[in-house]
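[1] here is my input, please return the structure:
(3 chains)
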Amino acid sequence: MSFGKGCHLHLIDGSSFIFRAYHALPPLTRKSDGLPIGAVAGFCNMLQRYVEGNHGPDAPTHVAVIFDKGSHTFRNDLYDAYKANREAMPEDMRPQIPLTRDATRAFNIACEEIEGYEADDIIATLACQARDLGGRVTIISSDKDLMQLVGGGVEMLDAMKNRRIDVDGVREKFGVDPDRVVDVQALAGDSVDNIPGAPGIGIKTAALLINEFGSLDELLDRAEEIKQPKRRETLIGKRAQIEMSKRLVQLDCDTPLEFTLDDLEVRDPDPEVLLGFLTEMEFRTLSKRIAEALGREAPVIPEPAAQEVAEAAVPDWPAIDPASYERVGEMAALERWIAAIRAQGFVAIDTETTSLNEMQADLVGISLATAPGTACYIPLAHKGGAADDLFGSEDLAEGQVPMANALAALKPVLEDDAILKIGQNMKYDAKILAAHDIAIAPIDDTMLMSYALHAGEHGHGMDTLSERYLSHEPIPIKTLLGSGKSAITFDRVPVEEAVKYAAEDADITLRLWHVFKPQLHRARVTTVYETLERPLVPVLARMERHGVKVDRATLRAMSGKFAQKMGALEAEIHALAGRSFNVGSPKQLGEILFDEMGLDGGKKGKTGAWATGADVLEDLATEHELPARVLDWRQLSKLKSTYTDALQDHIDPETGRVHTSYVQTGANTGRLASTDPNLQNIPVRTEEGRRIREAFVAEEGNLLVSLDYSQIELRILAHVAQIDALKQAFRDGHDIHAMTASEMFNVPMDEMTPEVRRQAKAINFGVIYGISGFGLARNLRIPRSEAQGFIDRYFERFPGIKGYMDETVAFAREHGHVQTLFGRKIHTPEISAKGPRAGFARRAAINAPIQGTAADIIRRAMIRMPGAIADLPCRMLLQVHDELIFEVQEDAVDRVIGAVREVMQGAAHPAVHLDVPLVVDAGQGANWAEAH
DNA sequence: AAATTCACG
DNA sequence: GACGTACGTGAATTTC
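    Numbering: from 1, shown residues only, chains lettered A, B, ... in the order given. You can find the predicted model right below:
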């Protein structure tokens, strides 16, 4: 096909792919000879992902990967310092460059480079040609230097963020249309490429000037008109330098090419060539994946002497084949499986039910796996009914073992101390089985193993793990249940389909267990898994099943009151605005405040919408009535929709209680997350919000008791950073924030003002979060310079803190993870990233050991709690990060507080001896508001 | 499905 | 020199 109208050209910026691939992956080497191949692996992965994504109407007709070649270009003749401050290419990257060319050719994608030209110029030339012929162009790169090409059918695509950049995207980045981007760049310069530009002028100022004068030439000609003296002098004095900068950033659309667009037509890869290349590189996982996509058998890559157990184990297993699983329809067959399990001593198990909510879920079937590829499904409560019967039948389907008989046979196995039960997210299955009076134990949980091994690297759901560690995509549940309104429950799934899906889950779980089990030891996280993860499962299951009593009448009354007040506020707000609008719409509110009322202080976010967050409205509220009323309305709206209304829907009709679900792998740091509903963010900071806690009540004759760790994160900071002054203050029971303030501002403790103490408190918390001048300034609403002054003084007074922060970041850079005092590892894959992500990763790395150690401590307390309170008339109900809530028989409150406090305060022992005491405060009352 | 906002530790 | 930032979460709502 000759290139022309209707054609779509993709131009991939090869260098940016290589650099991203290099930095995204650890330094992998080819096992047989140690050749560095990390970047090549990442590059191939990106190409494969790119190819897989190329379907549908937007698919390219022509494609090429463009590379740089040679280091000397016409730009070096113009300016000898061009790109002079670039860091040298890493040693282990250089040999991989030619291999990425080979990889591109292996994928049968055109691979182009021209000696003495930058890839950007080739891309520019091709893009111009394609555009002039009436075709569409997508440049796959995030390099801002290419943005000048956008427009007239040319767009960019950031492959990592999967974000298209069109003319509007360019305007957002540069503040001008694409044809003026070079003008802005000429003024702003670029430190990465060492383009000088105009000193003192950045992108913002440059865009302002270009928009005012229309073009760079016009601006330079009329520079005399500029009012700011410094800026005027720069523009006049540095004119030559600015004009040269423009020539440096201007891409060349007339690069002499030795090929034409027609040579770039999309071609299918030759499976032999592609798989041959991948085999040569020894990419096991990738070659398997690509072979599957090509419908070929995966190439066999021999394993060298030093074997990775996980990698070596996989090829020996039979492929995952849903058609091979057994349907267990009668007792005799079930007895055979039970005998096999007893003989082996372990089994993978998965339960299928009618709901994700364990309290309302009915058991539908159970699947078992005893070896990779050996799995079965025992349907127990599938409904029958003809396929054409829209509503199905209420009768049970044929060929199912009666549930009571099956469970009676399984119960001794599931409760047998000598038989290990393996599951993925066992808390769910444990809760389902508990409803049938089965206390499943002992267990292993592949989700928790993954969490102990890989927190921070990826999620821990079965689909993720299967794809990552088994290179297999499980049958999506959607294909069985459908989605949305027409979704059915699992008991309506035909048994033959259910067998494939359910048994596959058990099979996958067993395989994952074989992969992870030996890795725990090698990664030194066996103790974390065995003492902080696995034993928490039955504890959480029991708390969740018990639930907390919530009084519907209290919530209903509050909802009504909130609705009334909101109605009045809404009328007031509309009157102030002069027209009616949706108060709940930030977009409409922004238009009212900043476009119609013309208030200043408005800022647009990255999507171009006005920001109307509470901080913005609070600033405006000092001058105007409307934002103040909106803040009031928002508070009520939040309380009503998220709490008083939604909580009522979560009261279980059977128990009259609310049963949250804790996600043990939800937070990377080791904290729990609470969902459906989230009971870890019930309001407390405002008087009105706190009243919602009055609806959380104790059963007749009982009280709610709350115990929380006082300042646990600061205590941990004092310990890990070895800050003597802080440690001593905690030992002496002093007010830690006042003490900090006194040290920093030289104010004697008895002259401390609340304001100074408040500032010190913000700094103390800031330290835990990986403090920055900007963040502290925003929090305290003071100038950034002043905030930076505070931080400097703090580090001066407590040099250990700065040392700890630097050491933590250095540790993360070296090892790719940080860890808690108890050995929990939190991976920090972005720690060496560039740009704003580096800041995020750095602060997260500083925070994780502190937050994570606190999380470990309360986990240890929770795990010991059932034993400590077994003989007392009370139940543990909730955990809120540093707080535990109990329901206690009235006459036992003091005894319970004593026992719980002892467990909580001693929870770090004997694994860790802290230099600071842990202090636990207690409260009690008829409801949570009183107990807190 | 993404963005915005806001509740908690 | 400019940019974007406090750490960790979940849920409701609007908008696309």
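[2] spatially, what comes nearest to A:Phe259 if we skip its sequence neighbours?
    A:Glu112 (6.6 Å; C-beta to C-beta, 6 or more residues apart in numbering). In short, each C-beta sits where N, CA and C put it, glycine included.
[3] quick check: the one you found touching A:Ile123?
    No: with contact defined as C-beta atoms under 8 Å, A:Glu112 does not reach A:Ile123; the gap is 9.6 Å.
[4] the two - which one has more neighbours?
    Neighbour totals were compared for A:Glu112 and A:Ile123, and A:Ile123 leads with 28 against 22 (other C-beta atoms under 10 Å).
[5] that one is in what secondary structure piece?
    helix A:119-132 (DSSP states H and E).
[6] care to break chain A down by domain?
    Chain A breaks down by automatic domain parsing into domains covering A:8-264, A:271-306, A:322-523, A:549-658.
[7] quick one on the thing from earlier: got the CA coordinates for the helix holding A:Ile123 in CSV?
    Extracted in CSV, the C-alpha atoms of helix A:119-132 (Å, rounded to 0.1, in the frame of the first residue of the first chain):
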residue,chain,number,x,y,z
ALA,A,119,16.4,10.4,15.9
ASP,A,120,14.3,13.5,16.5
ASP,A,121,15.2,14.9,13.1
ILE,A,122,14.4,11.7,11.3
ILE,A,123,11.1,11.5,13.2
ALA,A,124,10.4,15.1,12.2
THR,A,125,11.1,14.5,8.5
LEU,A,126,8.9,11.4,8.4
ALA,A,127,6.1,13.1,10.3
CYS,A,128,6.2,16.1,7.9
GLN,A,129,6.2,13.8,4.8
ALA,A,130,3.3,11.7,6.2
ARG,A,131,1.3,14.8,7.1
ASP,A,132,1.8,16.4,3.7
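[8] still on that earlier bit, among the domains of chain A, which is nearest DNA strand B?
    Relative to DNA strand B, the nearest member of the domains of chain A by C-beta to the nearest atom of the strand is domain A:549-658, separated by 3.4 Å.
[9] one step back: C-terminal to the helix holding A:Ile123, what's the next element?
    Immediately after helix A:119-132, counting by DSSP H and E, sits strand A:136-140.
[10] which element follows that next one toward the C-terminus?
    Following strand A:136-140 toward the C-terminus (DSSP H and E): strand A:154-158.
[11] now that next one: buried residues?
    A:154-157 (16 or more other C-beta atoms under 10 Å).
[12] farthest-apart pair in those residues, please.
    A:Val154 and A:Leu157 (11.1 Å; C-beta to C-beta).
[13] give me the common contacts of those two.
    A:138-139 (C-beta atoms under 8 Å, 6 or more residues apart in numbering).
[14] can you list the residues that contact the host helix or strand of A:Leu714?
    Assigned by DSSP H and E, A:Leu714 belongs to helix A:712-720. Here helix A:712-720 makes contact (C-beta under 8 Å, 6+ apart) with A:723, A:726-727, A:730, A:736, A:764, A:767-768, A:801, A:804, A:821, A:849-851, A:853-854, A:857, A:882, A:914-918.
[15] next, the buried residues of that helix.
    A:712-720.
[16] that one vs DNA strand B: in contact?
    No: using C-beta under 7 Å from any atom of the strand, helix A:712-720 stays clear of DNA strand B, with a minimum separation of 7.9 Å.
[17] next helix or strand past that helix?
    Next element after helix A:712-720 (DSSP H and E): helix A:724-731.
[18] can you name every helix or strand that the following helix or strand past that next one contacts?
    For helix A:724-731, the succeeding helix or strand toward the C-terminus, using DSSP H and E, is helix A:736-745. Applying 3 or more C-beta pairs under 8 Å, 6 or more residues apart in numbering; DSSP states H and E, we find helix A:736-745 packed against helix A:724-731, helix A:754-768, helix A:784-797.
[19] and the angle from the second one to helix A:736-745?
    Taking axes from the mean of the first three to the mean of the last three C-alpha atoms, to 10 degrees, one finds that helix A:754-768 is oriented at 100 degrees with respect to helix A:736-745.
[20] which helices and strands sit right next to the helix holding A:Ile123?
    By 3+ C-beta pairs under 8 Å, 6+ apart, helix A:119-132 packs against strand A:8-13, strand A:62-66, strand A:136-140, strand A:154-158.
[21] repeat the analysis, applying 7 Å as the threshold.
    Secondary-structure packing of helix A:119-132 (3 or more C-beta pairs under 7 Å, 6 or more residues apart in numbering; DSSP states H and E): strand A:8-13, strand A:62-66, strand A:136-140.
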